[in-house]
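# for reference, the sequence and a predicted model appear below.
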Amino acid sequence: MTLRRLLSVVCLGLLFMLSGCEREVSSPELPRVGVLQVQPTDFAARVTLTGDVQARVQTDLSFRVGGKIISRSVDVGDHVKANQVLARLDPKDLQNNVDSAKAEVFAAQARVTQTAAAFVRQQKLLPKGYTSQSEYDSAEAALRSNQSALKAAQAQLANAREQLSYTALVSEADGVITERQAEVGQVVQATMPIFGLARDGDRDAVFNVYESLLVAPPSDAGVVVSLLDDPKVQAQGFVREITPTVSAQSGTVQVKVALRNVPPGMQLGSPVTATANAQGRPSIELPWAALTKALHEPAVWVVGEGDKVELRKVQVTRYLTGKVVVAQGIKGGETVVVSGGQLLHPGMQVEKVDAQDGGAAP
């Protein structure tokens, strides 16, 4: 074979190879991606709240007069009965007031007795003409004045005795002492809180809840409250009260759940838990693999007309185990790439494969 013929054969082979490459370039394979046709559902986050058991009625106990505390007979945690003496003030000053008021009453009674006798004499002398009308009227006025002074002195004595009784701090009702703010020997002012009393009776489970979880009105369905240390100890309840203002410190509102048939193990101050669902709203759940980002915002690939992909920004409201919850950005019925989207770019045509059947490119 001559050199010219050999070159011709080589050239022909190269032409065949180039024509094959052109055919391959002209018909590239489309990237296969796993897709999912999404449908919105009402997603409601399940939230577990932690609170404590409190008395329905809690009051601060304080003296109605000021003075020095000379005795204290109860401590925090003690159960007390109604009208039980909890503490006493030094009664010396108030006892002096009582003694002074008594002396004034005795003096007023003596003046009344004296003027009453004088008025009786005037009553006897006036018909006989042995006294004048003016002297009779003066005797009557003196008697009326002293009688009024006696009533005022008696009222002052009653007030002094009442003030003396305030030196004993008594419980208003049966309950448990939850707080102590003064000690023996301390000088206190009137109305200064000395003890906190949790009254016996109804109990509430109190929780601090973020306002976003309360956009819906409370359900009429009951709430199951469980003891944190022993979840088997439970009580049924219902939402009784929601505070109208948000705490400036914590950004939460206080929710009180009235408890029914409180078990013995659920004592005052016991930590408890309750599980509830937030208000449901239309959302779309996607697997983690579907989520990518557009610059600094979360996004997903959406397959549109002609099987071409589009990068769509989305708003993710919650990240769950293995999936994310999308509130905005995609609509029900749209097709979203959930696998094989690592090398996609906007406008690329793809070959769709149902993600549930597998077969998508990794």
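Yep, it's here.

# what's the helix or strand for P263?
Applying DSSP states H and E as the criterion places P263 outside every helix and strand.

# test my guess that it contacts A235.
Yes - P263 lies in contact with A235 (C-beta atoms under 8 Å); the separation is 6.1 Å. From N, CA and C alone the C-beta is placed, and that goes for glycine too.

# got a list of what D354 touches?
34-36 (C-beta atoms under 8 Å, 6 or more residues apart in numbering).

# can you pick the most crowded of those?
V35 (28 neighbours; other C-beta atoms under 10 Å).

# parallel or antiparallel, which strands does the helix or strand harbouring it pair with?
Per DSSP H and E, V35 falls inside strand 32-37. When pairing is defined by DSSP bridges, strand 32-37 lines up against strand 335-339 (antiparallel), strand 351-354 (parallel).

# what about that strand, distance to the chain center?
Centroid separation for strand 32-37 versus its chain: 45 Å, with C-alpha atoms, centre = their mean, to the nearest Å.

# may I have it exported as CSV, CA atoms only?
Coordinates of each C-alpha in strand 32-37 appear next as CSV, following Å, rounded to 0.1, in the frame of the first residue of the first chain:
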residue,chain,number,x,y,z
ARG,A,32,-32.7,13.2,35.3
VAL,A,33,-34.2,14.7,38.4
GLY,A,34,-36.5,13.3,41.0
VAL,A,35,-39.7,15.5,41.3
LEU,A,36,-42.7,15.7,43.5
GLN,A,37,-46.0,17.4,42.8
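
# helices or strands up against the helix or strand hosting A258?
Taking DSSP H and E as the criterion, A258 maps to strand 252-260. For strand 252-260, the elements it packs on are strand 46-55, strand 203-210, strand 223-227, strand 234-242, judged by 3 or more C-beta pairs under 8 Å, 6 or more residues apart in numbering; DSSP states H and E.

# distance of S73 relative to A141?
53 Å (C-beta to C-beta, to the nearest Å).

# nope, P264 is what I meant
For P264 relative to A141 (C-beta to C-beta), the value is 72 Å.

# and if you look at F195?
With C-beta to C-beta as the criterion, F195 and A141 are 53 Å apart.

# of those two, who's got more company?
The residue with more neighbours, out of F195 and A141, is F195; 25 against 12, by other C-beta under 10 Å.

# measure the more buried one to V184 for me?
Relative to V184, and taking C-beta to C-beta, F195 is found at 13 Å.

# and for E310?
79 Å.

# okay, these two: which has more neighbours?
Neighbours were counted for E310 and for V184 using other C-beta under 10 Å; E310 has more, 16 against 11.

# who's in contact with that one?
Per C-beta under 8 Å, 6+ apart, neighbours of E310: 301-304, 346-347.

# so which helix or strand takes in it?
Going by DSSP H and E, E310 is in strand 309-313.

# I'd like the next helix or strand past that strand.
Past strand 309-313, the next helix or strand by DSSP H and E is strand 315-320.

# which residues does that next one contact?
Against strand 315-320 from outside (C-beta under 8 Å, 6+ apart): 43, 45, 283, 285, 291, 298, 324-329.

# if any of the residues you listed are buried, give me the PyMOL selection for them.
Paste this into PyMOL to select the buried members of the contacts of strand 315-320, with burial taken from 16 or more other C-beta atoms under 10 Å:
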select buried, resi 43+45+283+285+291+324+325+326+327+329
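
# pLDDT weak spots in this protein?
1-28, 42-46, 211-221, 276-281, 356-362 (pLDDT under 70).

# could you identify the longest helix within it?
helix 92-128 (DSSP state H).

# so what secondary structure elements neighbour that helix?
helix 133-165.

# how about the helix it packs on: buried residues?
Buried residues in helix 133-165 (16+ other C-beta under 10 Å): 136, 139, 142-143, 146, 149-150, 153-154, 156-157, 160, 163-164.

# want to try TSV for these, with distance to K92 as columns?
Putting these into TSV (distance: C-beta to C-beta, whole Å) gives the following:
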residue	distance to K92
Y136	48
A139	42
A142	37
L143	37
N146	32
A149	28
L150	27
A153	22
Q154	23
Q156	19
L157	18
A160	13
Q163	13
L164	10
